[in-house]
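Undergrad: I'd like to go over a predicted model; first the sequence, then the structure.
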Amino acid sequence: MSELKSGSNLERVLARGAFAVTAELGPPKSADIEVVRKKAEHLRGCADAVNITDNQTAIVRMSSIAAGCLALREGLEPVIQITCRDRNRIAIQSDVLGAYALGLRNVLALTGDHQVYGNHPTSRNVFDMDSIQLAQMLKTMRDDEKFACGDEIRNSKKAPVVAPKIYIGAAANPFGDPFAFRVTRLAKKVNAGVDFIQTQCIYDMDRFETWMQQVRKRGLDKRVKILAGVTPLKSLGMARYMRDNVAGLTVPDSYIQRMAKAEDGAAEGIAICVEQIRRLRQIEGVAGIHLMAIEWERRVREIVDMAGLLPRPEPASRTGEQGNEL
Amino acid sequence: MIVAERKPFDEVYAMLEGSKRLLVLGCGSCVTVCMAGGEKEVALLAATLRLANKKRGVRMEIREATIERQCDAEFFAAVADDIEWADTVLSMACGVGVQFCAEQFPDKPLFPALNTKFYGATERQGLWTTRCAGCGECVLDRFGGICPVARCAKSLMNGPCGGSQNGKCEVDPENIDCAWQLIYDRLERLGQLHLLEENQPLKDWSHGRDGGPGRIEREDATL
């Protein structure tokens, strides 16, 4: 295990070739710790790591690092999402040092939703860098032990170098345009040093398989761990909303019809999700799933269980991690 | 050119409260081309002000003038007498012109009639769109002559985000083209898609606004 880059649980699970499960925990729109605790309780033992979103859709929430620390205390392994919308390279590097010092080991590098969607549309955005440059910066910090400016990550000339050993993730959207460029963009992320990819939620399985073919053709599945994103549909209304209002998402008619016919929409949505996971497991190059149950954390255990993915591998002990690093 | 549009009338009118002798001063360059602050727009705004004054019983004399450029000191000579006469100047120039006018006449109260929007072009009659962000270090050679800094809502340097759909930007799918779709299409046409395989490093923003107020001084251009 000495060749591990970060020693995070997610990295260990993926390194040993197990089919990984990540989930998502959206921090509260308040300072209410109970929200994080309750969601963490639902997710404990169901996933190898849990993404903590960073003010998603540009709506103010508890910071991903703070909520991540709370989740860590609750026994989860967080993946801290960091977007480029609100912070420049100074603030992001500072936050990464802080996150690592607090015991957080995974970061997902994102560009971030534009603020026109959120609750502060009159704010200024930053976009000092994009997600690919952010991933590259995290890799430079981890592997070269240097800041983006080239300075070594040490407190003074005589002090030891203490660099954040982060497992680096990024997102991929197989459904955006131009479609032909989507795999090139993934290749750029891989070249920037990304270790794992979580995709946008998939409903159009055929298009995803076409994308995966292109991914394999370029050998990218051998260089990066790809976790396929799924979001269970809670109701017919949600299915229609996802189809009509989320850029880059297509929900096939067959799913819409099934949701329309179902007596229990939630149960049908979960059944569809479980079927999708089973099919995704068969696709060559898919290393795991990223289960984004939006404000539906309480149903995650059931879905993972029905998909035959429980129990999850036992998380490595924290002391063991440090032992390996030394 | 610098593209601007006129402020709402009520906002302009509120600025002028108490003025007895007003000069509405237009600019003959960019804002004439983008139909926001040239001679015609000066006449229109002055007429609207006169009507508003009449309706409210406000006594305000209004003169109109337009000079070639408000960003060059020499052109103000033509209106020095009018400015001397006025107790208030309403400049219909861009933000540069308004400030430069104020610098020429430091004792004269002066207000802006326009909102300065961007560096852009007349895409078609009645439509102006942005082209340049004045970042100070041009990158157009790498992107097929289409600027991702100015034209991508997130200034992305390494390709489109997930919000690019059918050639449009998710920020406003009705009206904004995805800059990255334009870049992709143009490079495909030029047979240069390989340019997009390269990872673009962090941009040095210090050449533009982030490096502090702009200043260029050239000895060869000094008198």
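TA: That came in fine, so what should we check first?
Undergrad: In space, what's closest to residue A:180 - neighbours in sequence excluded?
TA: For residue A:180, ignoring the flanking residues on the chain, the nearest one in space by Cβ to Cβ, 6 or more residues apart in numbering or on different chains is residue B:184 at 7.9 Å. Just so you know, the C-beta spots here come from the backbone N, C-alpha and C atoms, and that holds for glycine as well.
Undergrad: Next, the one you found: phi, psi?
TA: The phi and psi torsions at residue B:184 (degrees, to the nearest 10) take the values phi -60, psi -50.
Undergrad: Check it and give its pLDDT.
TA: With respect to pLDDT, residue B:184 has a value of 97.
Undergrad: For it, which residues are in contact?
TA: Residue B:184 makes contacts with A:178, A:180-181, B:160, B:193, B:196, as judged by Cβ atoms under 8 Å, 6 or more residues apart in numbering or on different chains.
Undergrad: Buried subset of the residues you listed as a PyMOL selection?
TA: To isolate the buried members of the contacts of residue B:184 in PyMOL, using 16 or more other Cβ atoms under 10 Å in any protein chain shown:
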select buried, (chain A and resi 178+181) or (chain B and resi 160+196)
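Undergrad: Tell me which two of the contacts of residue B:184 sit farthest apart.
TA: Using Cβ to Cβ, the contacts of residue B:184 reach their maximum pairwise distance at B:160 and B:193, which is 13.8 Å.
Undergrad: so what's residue 65 up against?
TA: Looking at chain A here, since you left the chain open. The neighbourhood of residue A:65, defined by Cβ under 8 Å, 6+ apart, consists of A:52, A:80, A:95, A:98-99, A:102, A:104.
Undergrad: um, chain B though
TA: With Cβ under 8 Å, 6+ apart as the criterion, the residues that contact residue B:65 are B:23-26, B:42, B:78-79, B:82.
Undergrad: follow-up on the earlier one: sitting in helices, which of the contacts of residue B:184 do you find?
TA: A:180-181 (DSSP state H).
Undergrad: domain assignment for chain B?
TA: Taking automatic domain parsing as the criterion, chain B consists of the domains B:2-117, B:133-201.
Undergrad: right, so of the ones you listed, which gets closest to residue A:268?
TA: Among the domains of chain B, domain B:133-201 comes nearest to residue A:268, with 26.9 Å by Cβ to Cβ.
Undergrad: SS state for the residue in chain B positioned nearest to chain A?
TA: Ranking the residues of chain B by distance to chain A (Cβ to the nearest Cβ) places residue B:162 first, at 3.5 Å. Residue B:162 carries the three-state label coil when classified by DSSP: H, G, I helix; E, B strand; the rest coil.
Undergrad: Grab the nearest non-local neighbour of it.
TA: Taking Cβ to Cβ, 6+ apart, and ignoring the residues beside it in sequence, residue B:162 has residue A:173 as its nearest neighbour in space, at 3.5 Å.
Undergrad: ok, the one you found - contacts?
TA: Residue A:173 neighbours (Cβ under 8 Å, 6+ apart): A:182, A:199-200, A:248, B:161-162.
Undergrad: Go ahead and confirm residue A:126 touches residue A:87.
TA: Yes - applying Cβ atoms under 8 Å as the test, residue A:126 and residue A:87 come out as touching, 6.0 Å apart.
Undergrad: where along the stretch 1-150 of chain A do the strands fall?
TA: Defined through DSSP state E, counting those that start in this stretch, the strands belonging to the stretch 1-150 of chain A, from first to last, are A:20-25, A:49-52, A:78-83, A:106-110.
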